[in-house]
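Undergrad: Pasting the sequence and the predicted coordinates here, then a few questions.
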Amino acid sequence: MARWRARRLLPLVTFVTLGMILGSLLQLAFHHRLDGYSLHADSDPEAGLLRLGYVKPEVISWTPRIIVFHNFLSSEECDYLMAIARPRLQMSTVVDVATGKAIEKRISVFSQIPKENGELIQVLRYEASQYYRPHHDYFSDTFNLKRGGQRVATMLMYLTDGVEGGETHFLQAGDGECSCGGNVVKGLCVKPNKGDAVLFWSMGLDGNTDPNSIHSGCPVLKGEKWSATKWMRQKMTF
């Protein structure tokens, strides 16, 4: 009986594994294609909009899936987002779709998720000693799933330089150690460099929420950390 069950289970496991590998390879090939496409950026009207030739993807983890996009935003775009958010800044500030149109499209192209599936960009500011506790971006309740379904992925964009601490800490990524607000912790930590963005998935390739996507905002030791966050859903949100 056990041998019969094993024979039935093996094709399913093989199918799921091959699907995960194929999905990962296709995603990596897409980012290589974007990088190679920079050779023709000067002749493409949308090259500037997508910052082809400037944005450099770096896969830092497959479980959970995390990609750092270096130079995702220009310095001017970072300053612009802070400028429109500063007068009305509270806990978080929403950037409307019209003013963030170019950035919205760039997020959609690099994440391969339709922009209609995204929530509005939110801008946050962290001052010295402020941090964000470990959490998941996916929902655990049914109320928030009614409009747009589950959160699939997050694009976290850094708007300021010269910040000490303030790293984004992925607690279950990698098998090494990193610096989080001056403390050595297990996992992966991404330093908040102006213009860089971190794309990570809250759902796995199997369509289920990924508990390994748990992350936190490390304490800021010096300076101000400004960030802009875009959460993307399974379905259209607006």
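TA: Thanks, I have the structure now.
Undergrad: Which strand or helix spans residue 216?
TA: Using DSSP states H and E, residue 216 maps to strand 215-217.
Undergrad: quick one: residue 135 and residue 211 touch, right?
TA: No. Counting by C-beta atoms under 8 Å, residue 211 is not a contact partner of residue 135; they are 11.5 Å apart. Quick note: C-beta positions are derived from backbone N, CA and C, even for glycine.
Undergrad: Centroid-nearest residue for this structure?
TA: Residue closest to the average C-alpha location in the chain (C-alpha atoms, centre = their mean): residue 199, at 2.1 Å.
Undergrad: if I read this right, that one contacts residue 152, doesn't it?
TA: No. The pair formed by residue 199 and residue 152 falls short of the contact definition of C-beta under 8 Å, at 10.9 Å.
Undergrad: Spatially nearest residue to residue 56 (excluding sequence neighbours)?
TA: residue 70 (4.3 Å; C-beta to C-beta, 6 or more residues apart in numbering).
Undergrad: for residue 219, same thing?
TA: Nearest-residue entry for residue 219: residue 181, 3.6 Å, with adjacent residues in sequence omitted and distances by C-beta to C-beta, 6+ apart.
Undergrad: Could you do residue 68 as well?
TA: Closest residue to residue 68 in three dimensions, ignoring its sequence neighbours and counting by C-beta to C-beta, 6+ apart: residue 58, at 4.6 Å.
Undergrad: Pretty sure residue 106 sits in a strand.
TA: No. According to DSSP: H, G, I helix; E, B strand; the rest coil, residue 106 belongs to no strand; its state is helix.
Undergrad: Show me the shaky parts of this protein.
TA: Under the criterion pLDDT under 70, the flagged ranges of the chain are 1-43, 45, 90-99, 238.
Undergrad: can we see that at 50?
TA: Residues of the chain that meet the criterion pLDDT under 50 lie in 1-41, 91.
Undergrad: got the buried residues for stretch 58-73?
TA: Of the residues in stretch 58-73, those buried by neighbour count under the rule 16 or more other C-beta atoms under 10 Å are 61, 64-69, 71-73.
Undergrad: Tell me the gap between that stretch and the middle of its chain.
TA: Its chain's C-alpha centre and that of stretch 58-73 lie 7 Å apart, by C-alpha atoms, centre = their mean, to the nearest Å.
Undergrad: can you list contacts of it?
TA: The list of residues contacting stretch 58-73 from outside it, by C-beta atoms under 8 Å, 6 or more residues apart in numbering, reads 24, 28, 31, 51, 54-57, 81, 103, 106, 110, 157, 159, 170, 172-174, 188, 190, 193-201, 204, 210, 212-213.
Undergrad: Please export the alpha-carbon coordinates of stretch 175-183; CSV is fine.
TA: Coordinates of the C-alpha atoms in stretch 175-183 are reproduced here as CSV (Å, rounded to 0.1, in the frame of the first residue of the first chain):
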residue,chain,number,x,y,z
ASP,A,175,21.0,31.0,6.0
GLY,A,176,23.3,33.7,7.0
GLU,A,177,23.4,36.8,9.2
CYS,A,178,23.0,40.5,8.6
SER,A,179,22.9,43.8,10.4
CYS,A,180,19.5,45.1,11.4
GLY,A,181,19.5,48.5,13.2
GLY,A,182,23.0,47.8,14.5
ASN,A,183,22.2,44.2,15.7
